[in-house]
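Trainee: everything below, folded, please.
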Amino acid sequence: MTRAVRIVALLAALVWAPAQSFAVSAVFDGDPIDPTTGLPYELLPDFPLIQPGPDAILGTIDDIIDMSVSGDVDLVVRSGFYDAITTIPRPAAAGGLQTLPVGIAGSRAAGGTQIPFTVFLSDGATNSQAPWGSVLAAADMDGIPVIVAAFADLDGDGWIGPTNRDAAGASDNAIEVRELEPVGRAVALFSGGIARGELMVHAGLAESEGGLTVALTAFALTGPFDANFLGGSIPSGPAITTAQPFLPQRDLGKLLRAAAVPIGPSTTLQPVIQFAALPDADGVLPFALPLDGSAPTTDAAVAYSQPATRTAFRENLPGFAFPRPVTSIALGTTPSANSRQLLLLPVDRWDNPSDPPPGFTVTLAASPPLQVVGPTAAGAHTTIDFGAQEPEVKDVKGDDGIPITVAVPPGTPDGTTGTLTVEYQGVVVGGIPYRVDVRANQPPVDLTVPSPQALTIQAAINSVFDRNGDGFLVIGVKPGLYRENVVVNRPLELRGDDAGTTVIQGDGSASVLSASAGNITIRNLTTVGGSSGFTFSSSSARLVECRAWHNLGAGISISGSGAQIWRVQALENAGDGLLSSAKATTCVDDLVLDNGGAGINSSNAENWLINATRVAGNGTVGVSLVKAKGSILSDSQSVANDGVGIQVSQSQSSRLTNNVSALNDGDGFDMDQTATNLVSGNSVDSNTRYGFFVRRSKGDDFSAAPGVQAPFGDNTASGNRIANLLVRTN
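Mentor: Numbering: from 1, shown residues only. This next block holds a predicted model:
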């Protein structure tokens, strides 16, 4: 789920919202009341009351489940449009996939087709004549927004979310975790107990493969109107909801965040409904949503991709309809790391696997010393006819791309760069850069998890020894969902199969993965559900191609010097994306997105390097560098954060070059107590305060040209709300 929550402008736009003191009180008739608030409990339909335990955090191991209290049907969503009716209709999915509404991925302006939906308030009085209840025409809900979300069935098993009830059992749990990231979001307004709208999805599969089945769910706020909550424009809770594939997050501060972006009914939104914790695939409470119409409050639809216009490279991961896109290739210098297997697919403009047009024959061209190995011949060039070439990977619909392997000769010098391009009729329709990097070298595995020698990751860490005598300890982790808090207290490499399919779920009580020994390397893993994702207290730690996702605090926390964070994603964590108090941290080609705190927050940024990193949609400052002596921030983006874009303070002799800071809710560049820094080639646009705000700073050079130049120098600033530049001495 790339994806800042941006709905406050919509809510502010609802200035004509009802002025009643309480919304939809009738839907709660007879519902149990929370004695601490005097309001009805928030309950999923047919689910018991789940409350946080002594740690006050929902979704951790000490949660309290009260089976004596359960939710009824308050909200129902159906795919398709329905006229004014009194009895809620059955799900369209109950008639089979052939009866489902069809959408085409992408906005209508870009060739997409939206999926129609209808949301009903239900009186909860289910019977044989009205198995889903009757429409509750609550006038106090008129004009109140309801959020509709779409979740995609990525593994094609007929369920949304982690479950062991499908044919694959536990083997595909890690793929099913990805299904909890919405692929579309829309809003509609209630009138007479009914809300209608259309939803755009950004994911789809080829029509020849049957398309991508998605589940539709709905969520709305009820309760009192509080002037201190978004100006009283909407109720402040409790929430009512259809079934969801998880227990929803209850903290409204993490669901609704300020942004000055106008949004209206039927607008596709970024994530609003988020989970409090990953659901247990084999738990007593089954959260996974079936897509066969048997879920009373939800429904389904089908999304097709648009016709293919280009190609894309993906990880070659059989059994995964949407493997992770490959945007660059890193190859090592040793025989075990000098090659990479990829999947080449025809895709539409939204990067969805798609049907190739007739005669879609492409040529791959690699700049030396890279070679293309297969599917037909080795060399710098190879030709692929998608019409004639029989796809070799068809484990899951949409996975029918062409496997290829690329390689450089062993011993290719570190730092070598080039490109791999794809041409169709003389036009480049795809391509990625490659580089040779010693950090990609991977020694052989000494122990695999799970195996008879080690059933858990922690057991492998405790018992691994140098079986092959190469001087390295390497643990390989097979694809899967591992429920454990891992402590790495020995110098070793922990290598997952792929971050998209190798997931460690914490219990919220501690960091999912803590590293306390020097010279630790962690590759190709996702951490989720911990007090933090990755915690490095040792020096010279390396985090490579990993993901910290939806943890209760920081995604990545660093207190040891010399850490390398390379091609890592920190997504939707409740705290900072990356929090550091250490010197000499390196961040290259990272993505820091939609975290509740800052994107990158360093209190001791001496000798830091941040390069080619995107920081967007975070809850406070995008990038904050304090005491940045001798550091480099270059070729990076800080966009649409709810605070300053780039903040540099108490810093000197650093280079801040060729960055973009735009659309932030604060200053674009905020410099305080700085000196002798080079600030060159930056673009600072459309921020809500100043473009450059410079105070108590002396001797900074705002141009790469010889001689010290004052702002703007060779930087550009435009469209910033208050002014493009303010320089103060105090």
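Trainee: which residues in the stretch 101-250 of the chain form strands?
Mentor: With DSSP state E, counting those that start in this stretch as the criterion, the stretch 101-250 of the chain has strands at 102-104, 115-121, 145-152, 159-160, 184-189, 194-199, 212-221, 223-224, 239-241, 247-248.
Trainee: show me the shaky parts of the stretch 101-250 of the chain.
Mentor: Low-confidence segments of the stretch 101-250 of the chain, defined by pLDDT under 70: 228-234.
Trainee: same deal with the stretch 351-500 of the chain?
Mentor: 374-381, 387-400.
Trainee: so where do the helices sit in it?
Mentor: 457-463 (DSSP state H, counting those that start in this stretch).
Trainee: cool, and the stretch 1-150 of the chain?
Mentor: Counting by DSSP H, counting those that start in this stretch, the helices of the stretch 1-150 of the chain are 8-13.
Trainee: and residue 373, how many neighbours?
Mentor: 15 (other CB atoms under 10 Å). Just so you know, the C-beta spots here come from the backbone N, C-alpha and C atoms, and that holds for glycine as well.
Trainee: give the contact list for the residue lying closest to it once chain neighbours are set aside.
Mentor: Among residues not flanking residue 373 along the chain, residue 405 sits closest, at 4.1 Å (CB to CB, 6 or more residues apart in numbering). The contact partners of residue 405, taken as CB atoms under 8 Å, 6 or more residues apart in numbering, are 339, 340, 341, 342, 372, 373, 374.
Trainee: the closest residue to residue 414 other than its chain neighbours: neighbouring residues, count only.
Mentor: Of all residues not flanking residue 414 in the chain, residue 438 sits nearest, at 4.8 Å (CB to CB, 6+ apart). When neighbours are counted by other CB under 10 Å, residue 438 registers 12.
Trainee: roughly how far does residue 438 sit from residue 342?
Mentor: 21 Å (CB to CB, to the nearest Å).
Trainee: neighbours of the closest residue to residue 409 other than its chain neighbours, how many?
Mentor: Of all residues not flanking residue 409 in the chain, residue 369 sits nearest, at 5.8 Å (CB to CB, 6+ apart). Neighbourhood size, residue 369 [other CB under 10 Å]: 16.
Trainee: same thing with residue 497?
Mentor: Neighbours of residue 497 using other CB under 10 Å come to 18.
Trainee: now do stretch 77-86: everything it contacts.
Mentor: By CB under 8 Å, 6+ apart, stretch 77-86 touches 88-89, 91-93, 100-101, 115-120, 134-135, 148, 192, 194, 196, 216-218, 242, 297-301.
Trainee: so residue 447 touches residue 461, yeah?
Mentor: No - judged on CB atoms under 8 Å, residue 447 makes no contact with residue 461 at a distance of 9.2 Å.
Trainee: who touches both of these two?
Mentor: residue 475.
Trainee: one step back: any of the contacts of stretch 77-86 buried? List them.
Mentor: 88, 91-93, 100-101, 115-120, 134-135, 148, 194, 196, 216-218, 242, 297-301 (16 or more other CB atoms under 10 Å).
Trainee: pull up the gap between residue 298 and residue 73, please.
Mentor: From residue 298 over to residue 73 the distance is 11 Å, taken as CB to CB.
Trainee: I should have written residue 117 there, sorry.
Mentor: 17 Å.
Trainee: just the endpoints, please. Distance across stretch 475-495?
Mentor: 6 Å (CA to CA, to the nearest Å).
Trainee: so which bits of that stretch are buried?
Mentor: Buried residues in stretch 475-495 (16+ other CB under 10 Å): 475-477, 479-482, 485-488, 492-495.
Trainee: now swap in stretch 686-703 and tell me
Mentor: 686-694, 697, 700-703.
Trainee: could you pull out the helices for the stretch 151-300 of the chain?
Mentor: Counting by DSSP H, counting those that start in this stretch, the segments of the stretch 151-300 of the chain that form helices are 173-178, 252-255.
Trainee: same for the first one, what does it pack against?
Mentor: Using 3 or more CB pairs under 8 Å, 6 or more residues apart in numbering; DSSP states H and E as the contact criterion, the elements in contact with helix 173-178 are strand 480-483, strand 502-505, strand 526-528.
Trainee: list the buried residues of that helix.
Mentor: Buried-residue list, helix 173-178, by 16+ other CB under 10 Å: 173, 174, 175, 176, 177, 178.
Trainee: just those now: which is nearest residue 603?
Mentor: residue 177 (32.4 Å; CB to CB).
Trainee: how close does the closest one get to residue 278?
Mentor: On the measure of CB to CB, residue 177 and residue 278 end up 6 Å apart.
Trainee: and for those two, which residues touch both?
Mentor: 162, 528.
Trainee: with only the CA atoms kept, save stretch 80-99 in PDB.
Mentor: This file holds the C-alpha atoms of stretch 80-99, laid out as PDB (Å, rounded to 0.1, in the frame of the first residue of the first chain):
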ATOM      1  CA  GLY A  80     -23.100  -2.100  -8.800                       C
ATOM      2  CA  PHE A  81     -25.700   0.600  -8.600                       C
ATOM      3  CA  TYR A  82     -29.100   0.100  -6.900                       C
ATOM      4  CA  ASP A  83     -32.100   2.300  -7.000                       C
ATOM      5  CA  ALA A  84     -34.000   3.300  -3.900                       C
ATOM      6  CA  ILE A  85     -35.000   0.100  -2.100                       C
ATOM      7  CA  THR A  86     -35.900  -1.000   1.400                       C
ATOM      8  CA  THR A  87     -34.400  -4.500   1.500                       C
ATOM      9  CA  ILE A  88     -30.600  -4.900   1.000                       C
ATOM     10  CA  PRO A  89     -29.900  -7.100  -2.000                       C
ATOM     11  CA  ARG A  90     -27.700 -10.100  -2.000                       C
ATOM     12  CA  PRO A  91     -24.000  -9.700  -3.000                       C
ATOM     13  CA  ALA A  92     -23.300  -9.700  -6.700                       C
ATOM     14  CA  ALA A  93     -20.600 -12.200  -6.000                       C
ATOM     15  CA  ALA A  94     -23.200 -14.800  -4.900                       C
ATOM     16  CA  GLY A  95     -24.000 -15.200  -8.600                       C
ATOM     17  CA  GLY A  96     -20.400 -16.200  -9.500                       C
ATOM     18  CA  LEU A  97     -17.600 -14.300 -11.100                       C
ATOM     19  CA  GLN A  98     -19.500 -13.900 -14.400                       C
ATOM     20  CA  THR A  99     -22.000 -11.600 -12.600                       C
END
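Trainee: please look at residue 698 and residue 672 and confirm they touch.
Mentor: No - contact between residue 698 and residue 672 fails when scored by CB under 8 Å: they sit 11.8 Å apart.
Trainee: which residues does residue 158 contact?
Mentor: Contacts of residue 158 (CB under 8 Å, 6+ apart): 166, 213, 290, 291, 292.
Trainee: who are the contact partners of the first one?
Mentor: Put plainly, it is residue 166. 155, 157, 158, 159, 172.
Trainee: number of residues surrounding residue 137?
Mentor: Neighbour count of residue 137, defined by other CB under 10 Å: 17.
Trainee: nearest residue to it other than its sequence neighbours?
Mentor: Nearest non-adjacent residue to residue 137 (CB to CB, 6+ apart): residue 193, at 4.1 Å.
Trainee: got the end-to-end distance for stretch 634-653?
Mentor: 14 Å.
Trainee: same deal with stretch 68-79?
Mentor: 33 Å.
Trainee: does residue 201 really touch residue 183, like I thought?
Mentor: Yes - contact criterion CB under 8 Å: residue 201 and residue 183 qualify, at 4.9 Å.
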